[in-house]
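J.: Need a 3D model of the following:
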Amino acid sequence: MLRNNVLILSAMPSSVISEYHYNPDTKILRVIYVSGMVYDYLDVQVDVYLAMKAAFSKGTFLNTRIKGNYDFRKIN
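T.: Next up is the predicted model:
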(Lines give C-alpha, C1' and ligand atoms only; values in the text may rest on other atoms or scores of the structure.)
Protein backbone atom coordinates (compact mmCIF):
# COMPACT_ATOMS: atom_id res chain seq x y z
CA MET A 1 0.00 0.00 0.00
CA LEU A 2 1.27 3.52 -0.77
CA ARG A 3 0.53 6.21 1.80
CA ASN A 4 2.09 9.68 1.49
CA ASN A 5 4.71 8.28 -0.92
CA VAL A 6 5.73 5.68 1.66
CA LEU A 7 5.25 1.99 0.98
CA ILE A 8 3.68 0.41 4.03
CA LEU A 9 3.64 -3.21 5.04
CA SER A 10 1.42 -3.97 7.99
CA ALA A 11 2.07 -6.35 10.83
CA MET A 12 3.01 -9.87 9.80
CA PRO A 13 3.70 -13.19 11.42
CA SER A 14 7.37 -13.10 12.40
CA SER A 15 9.24 -13.97 15.56
CA VAL A 16 11.66 -11.09 14.94
CA ILE A 17 9.94 -8.30 13.02
CA SER A 18 6.69 -6.68 14.09
CA GLU A 19 6.39 -4.51 10.97
CA TYR A 20 8.46 -2.58 8.48
CA HIS A 21 8.07 0.44 6.23
CA TYR A 22 9.98 1.60 3.19
CA ASN A 23 10.24 5.16 1.89
CA PRO A 24 11.36 5.16 -1.75
CA ASP A 25 12.15 8.89 -1.68
CA THR A 26 14.65 8.62 1.18
CA LYS A 27 15.56 4.93 0.59
CA ILE A 28 15.04 4.25 4.30
CA LEU A 29 13.82 0.87 5.46
CA ARG A 30 12.37 1.19 8.96
CA VAL A 31 12.18 -2.06 10.89
CA ILE A 32 10.13 -2.34 14.08
CA TYR A 33 11.19 -5.41 16.01
CA VAL A 34 8.92 -7.51 18.19
CA SER A 35 10.95 -6.20 21.16
CA GLY A 36 9.80 -2.67 20.34
CA MET A 37 13.20 -1.51 19.08
CA VAL A 38 13.09 0.60 15.92
CA TYR A 39 15.92 0.88 13.39
CA ASP A 40 16.23 2.77 10.13
CA TYR A 41 18.44 1.10 7.52
CA LEU A 42 19.85 3.70 5.13
CA ASP A 43 20.21 3.82 1.35
CA VAL A 44 18.25 0.61 0.76
CA GLN A 45 17.36 0.26 -2.91
CA VAL A 46 13.75 -0.48 -3.82
CA ASP A 47 14.70 -3.85 -5.35
CA VAL A 48 16.10 -4.95 -1.98
CA TYR A 49 12.88 -3.87 -0.26
CA LEU A 50 10.82 -5.78 -2.83
CA ALA A 51 12.99 -8.86 -2.33
CA MET A 52 12.40 -8.60 1.43
CA LYS A 53 8.68 -8.21 0.87
CA ALA A 54 8.69 -11.38 -1.27
CA ALA A 55 10.92 -13.38 1.11
CA PHE A 56 9.28 -16.23 2.98
CA SER A 57 11.23 -15.41 6.17
CA LYS A 58 11.59 -11.70 6.80
CA GLY A 59 13.91 -12.33 9.76
CA THR A 60 16.28 -14.49 7.71
CA PHE A 61 16.29 -11.92 4.92
CA LEU A 62 17.00 -9.15 7.40
CA ASN A 63 19.89 -11.08 8.95
CA THR A 64 21.49 -12.12 5.66
CA ARG A 65 20.78 -9.19 3.31
CA ILE A 66 20.25 -6.08 5.45
CA LYS A 67 22.22 -6.28 8.70
CA GLY A 68 25.91 -5.69 8.10
CA ASN A 69 25.27 -4.42 4.58
CA TYR A 70 23.61 -1.09 5.30
CA ASP A 71 24.31 1.76 7.69
CA PHE A 72 21.58 2.20 10.26
CA ARG A 73 20.19 4.52 12.91
CA LYS A 74 18.67 3.29 16.13
CA ILE A 75 15.44 5.25 16.58
CA ASN A 76 14.45 3.83 19.97
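J.: so where's the protein shaky on pLDDT?
T.: 1-13 (pLDDT under 70).
J.: How much space separates Ser15 from Leu42?
T.: For Ser15, the distance to Leu42 under the criterion Cβ to Cβ, to the nearest Å works out to 25 Å. Any C-beta I mention is one placed from the backbone N, CA and C, and that applies to glycine too.
J.: So which of these two has more stuff around it?
T.: Using other Cβ atoms under 10 Å as the criterion, Ser15 and Leu42 rank with Leu42 on top: 13 against 8.
J.: show me what contacts that one?
T.: Applying Cβ atoms under 8 Å, 6 or more residues apart in numbering, we find Leu42 in contact with Lys27, Ile28, Tyr70, Asp71, Phe72, Arg73.
J.: before we move on, what about Leu62?
T.: Neighbours of Leu62 in contact, by Cβ under 8 Å, 6+ apart: Val16, Ile17, Val31, Met52.
J.: how many other residues sit next to the residue nearest to Phe61 when sequence neighbours are not counted?
T.: The shortest distance from Phe61 to any residue other than its chain neighbours is 3.9 Å, reached at Ala55 (Cβ to Cβ, 6 or more residues apart in numbering). Ala55 is surrounded by 14 other residues when neighbours are defined as other Cβ under 10 Å.
J.: tell me which residues in stretch 29-48 are buried?
T.: Neighbour-count burial for stretch 29-48, counted by 16 or more other Cβ atoms under 10 Å, picks out Leu29, Arg30, Val31, Ile32, Tyr33, Val38, Tyr39, Asp40, Tyr41, Val44, Val48.
J.: Which ones among the residues you listed lie within strands?
T.: Secondary-structure check on these using DSSP state E: residues within strands are Leu29, Arg30, Val31, Ile32, Tyr33, Val38, Tyr39, Asp40, Tyr41.
J.: Wait, the third one touches Tyr49, no?
T.: No - using Cβ atoms under 8 Å, Val31 and Tyr49 do not qualify as a contacting pair, with a distance of 11.1 Å.
J.: Quick check: ChimeraX command selecting the buried ones in the contacts of Leu42.
T.: Selection command for ChimeraX covering only the buried members of the contacts of Leu42, criterion 16+ other Cβ under 10 Å:
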select :27,28,70,72
